[in-house]
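[1] what shape does this take:
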Amino acid sequence: MAPPTFSQKFTETLRDKFTSQTSLTLVPSKGDLNFEGFITGYATAPVSIQGNETAALNRLTITVSVTFTNAKDEKQNFEQSFTRFADFNSSQSLAAVQDQLVAEINDQLVQDIFNKSVINW
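    Here you go, the predicted model:
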């Protein structure tokens, strides 16, 4: 159900985060840090139910599973799921706000992964 461009945008945002906030450079293979992952969840659900049993807000939730390998320090390796969400007004369709919400959630997920992988630097 995720937009077809989500995985590419997510990968680019993660790459940009590391190249802009660390002294690391990208290499085509055999790097010191390696990320692998996939989208495991992309769902909307109502939140904030009103008295007339309609939702005032809907929530878009995205989950990604990440495997991180550190060739220099195996104790830093991890395999973990990261989940973030954003709420939107139920008077709006998901299609109308999806790009904005996905960008917001994407940034939050990348920040979580970045923090987890380089927390000991």
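[2] for this structure, which spans come out with low pLDDT?
    The model of the chain has pLDDT under 70 over residues 50-53, 55, 121.
[3] show me where it has its helices.
    6-21, 94-118 (DSSP state H).
[4] export these as JSON lines, with columns for mean neighbour count and distance to residue 68.
    Any C-beta I mention is one placed from the backbone N, CA and C, and that applies to glycine too. Formatted as JSON lines, those follow (neighbours: other CB atoms under 10 Å; distance: least, CB to CB, whole Å):
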{"stretch": "helix 6-21", "mean neighbour count": "14", "distance to residue 68": "11"}
{"stretch": "helix 94-118", "mean neighbour count": "16", "distance to residue 68": "5"}
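[5] any chance of CSV for these, columns distance to residue 60?
    Output for the helices of the chain, formatted as CSV (distance: least, CB to CB, whole Å):
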stretch, distance to residue 60
helix 6-21, 11
helix 94-118, 5
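[6] who wins for proximity to residue 44 among these?
    helix 94-118 (5.8 Å; CB to CB).
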